[in-house]
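Chemist: The amino acid sequence is not available; the structure is as follows:
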C-alpha cells in the first residue's frame with residue numbers, strides 16, 4: 001500500500017540532505033522519525049527540518065520547530081533566520097497523516113492542530129526576518145508556514161495546495177496567515193478547491209517573493225537575500241517585522257479557537273471516512 005499523507009502527497013524516496021552548511025544535532029530525538037537542526041554563522045540562523053514521510057509534520061516536530069525559531073530569535077547575534085526542509089521531494093506535505101488517525105477525542109485534536117498555531121505564533125514574534133527556501137511541493141499546513149514567512153524563494157516547480165476540505169476538515173488554523181498574504185478571495189479559492197496551484201500563482205498572490213528555475217539558482221537567491229538582511233540595520237529590520245504583523249495581537253486566542261474547530265471535525269464520521277479512503281490509496 002502506498003503511503004499517502006493527509007495532503008495527498010506521496011513522499012519522495014529520495015531525501016538526500018543539503019550539506020552546504022554545518023548543522024547541529026537536534027535537541028531531542030523523539031520526533032516520530034523527524035529532525036530539526038539549527039546552525040548560526042555570520043548573523044544567519046538556519047533552521048532545517050526533515051521527516052521521512054514527505055516532510056510531514058507530527059506534533060512533536062511542530063513544537064521543535066517553534067522552539068528552534070524562538071531560540072534563533074533570542075540569539076543576539078542573529079540578524080536573519082533561514083527556514084528550509086531537507087530532501088528533494090516535498091517542501092512540506094502538511095499535517096502528519098499517521099497522527100491524524102490516532103486522534104481519539106476533541107481535546108487531543110485541538111492539541112494536535114495547536115501545533116501549527118504554536119509555530120505560526122513563534123514566526124510572528126520572531127524579531128528578525130524569516131527567509132524560507134521552498135524546493136518542492138507545499139500542502140496543507142506547509143502553506144501556512146510559507147505564508148508566515150517574511151520572504152520566500154521557491155523553485156518554479158513548487159506548487160501549492162490546501163487539501164484539508166478533502167479529508168473533512170478545513171484550513172482553519174493556517175487560514176488567517178494565508179489570507180493575510182493572499183487576500184480573502186485567493187484564500188477562499190484555495191480552501192474550497194483542492195487543486196494544485198503553480199508557483200506563478202503563489203508569486204502572484206504574495207506567497208512567494210521570488211521563483212527560480214534550478215536548485216543552484218534557488219540556493220544562490222536564498223544566500224543573497226539572507227546576506228543582505230544580515231548586513232542591514234538590525235533596528236530597521238526589527239521595526240519592519242513589527243509593521244508586517246500589525247493587527248495580529250489577538251492571534252493567540254484566534255488560532256486556539258480555530259484549532260478547536262479542527263479538533264472537533266477530525267472526529268466526525270465524514271472525516272473518519274475520508275481519512276480511511278486516503279489510507280486505501
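Modeler: Noted; the coordinates are in hand. Remember, it's a predicted structure, so these values are computed and weren't measured experimentally.

Chemist: Averaged over its residues, which helix or strand of this structure has the lowest pLDDT?
Modeler: The weakest-scoring helix or strand in the chain, judged by mean pLDDT, DSSP states H and E, is helix 269-279 (a mean of 75).

Chemist: what's that helix packed up against?
Modeler: helix 97-101 (3 or more CB pairs under 8 Å, 6 or more residues apart in numbering; DSSP states H and E). To be clear about C-beta, it is placed using only N, CA and C from the backbone, and glycine gets the same treatment.

Chemist: all helices for the chain, in order.
Modeler: Under the criterion DSSP state H, the chain contains helices at 59-74, 97-101, 106-125, 141-148, 175-182, 184-192, 199-204, 215-231, 234-244, 251-265, 269-279.

Chemist: between the third one and helix 59-74, how many degrees?
Modeler: Going by axes from the mean of the first three to the mean of the last three CA atoms, to 10 degrees, helix 106-125 is angled at 20 degrees with respect to helix 59-74.

Chemist: Not counting its own residues, what contacts helix 106-125?
Modeler: 57, 59, 62-63, 65-67, 69-70, 73, 95, 99-100, 103, 130, 141, 144-145, 148-149, 172-174, 177, 245, 248, 251-252, 255-256, 258-260, 262-267 (CB atoms under 8 Å, 6 or more residues apart in numbering).

Chemist: Which PyMOL command selects the buried ones in those?
Modeler: For the buried members of the contacts of helix 106-125, the matching PyMOL selection, counting by 16 or more other CB atoms under 10 Å, is:
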select buried, resi 57+59+62+63+65+66+67+69+70+73+95+99+100+103+130+141+144+145+148+149+172+173+174+177+245+248+251+255+258+259+260+262+263+265+266
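
Chemist: what about residue 267, distance to residue 74?
Modeler: 37 Å (CB to CB, to the nearest Å).

Chemist: cool, and residue 226?
Modeler: 19 Å.

Chemist: Likewise for residue 96?
Modeler: On the measure of CB to CB, residue 96 and residue 74 end up 27 Å apart.

Chemist: for the chain, which spans come out with low pLDDT?
Modeler: 1-32, 278-281 (pLDDT under 70).

Chemist: between residue 226 and residue 74, who's got more neighbours?
Modeler: For the pair residue 226 and residue 74, the greater number of neighbours falls to residue 226 (24 against 10), based on other CB atoms under 10 Å.

Chemist: How much space separates that one from residue 146?
Modeler: From residue 226 to residue 146 the distance is 17 Å (CB to CB).

Chemist: And for residue 169?
Modeler: 19 Å.

Chemist: And residue 172, by the same measure?
Modeler: Taken as CB to CB, the span from residue 172 to residue 146 is 17 Å.

Chemist: Who are the contact partners of residue 151?
Modeler: 129-132, 209, 225.

Chemist: Distance of the nearest residue to residue 85 once chain neighbours are set aside relative to residue 93?
Modeler: Nearest non-adjacent residue to residue 85, counting by CB to CB, 6 or more residues apart in numbering: residue 55, 4.5 Å away. For residue 55, the distance to residue 93 equals 6 Å [CB to CB].

Chemist: of those two, who's got more company?
Modeler: Neighbours per residue (other CB under 10 Å) separate residue 55 from residue 93, with residue 93 holding more: 33 against 30.

Chemist: Spatially nearest residue to the more buried one, not counting backbone neighbours?
Modeler: residue 54 is the one closest to residue 93 (CB to CB, 6+ apart), at 3.5 Å.

Chemist: if I look at the closest residue in space to residue 123 that isn't next to it in sequence, how far off is residue 77?
Modeler: Once flanking residues are discounted, residue 123 sits nearest to residue 148: 4.2 Å by CB to CB, 6+ apart. For residue 148, the distance to residue 77 equals 23 Å [CB to CB].

Chemist: Next: residue 207.
Modeler: Distance from residue 207 to residue 77, by CB to CB: 30 Å.

Chemist: Looking at the two, which one has more neighbours?
Modeler: Comparing residue 207 with residue 77 by other CB under 10 Å, the one with more neighbours is residue 207, at 25 against 11.

Chemist: pretty sure the more buried one is touching residue 158, no?
Modeler: No. Here residue 207 lies out of contact with residue 158, judged by CB atoms under 8 Å, at a distance of 9.8 Å.

Chemist: Keep only those of the contacts of residue 151 that are in strands.
Modeler: Among those, the members falling in strands (DSSP state E) are 130-132.
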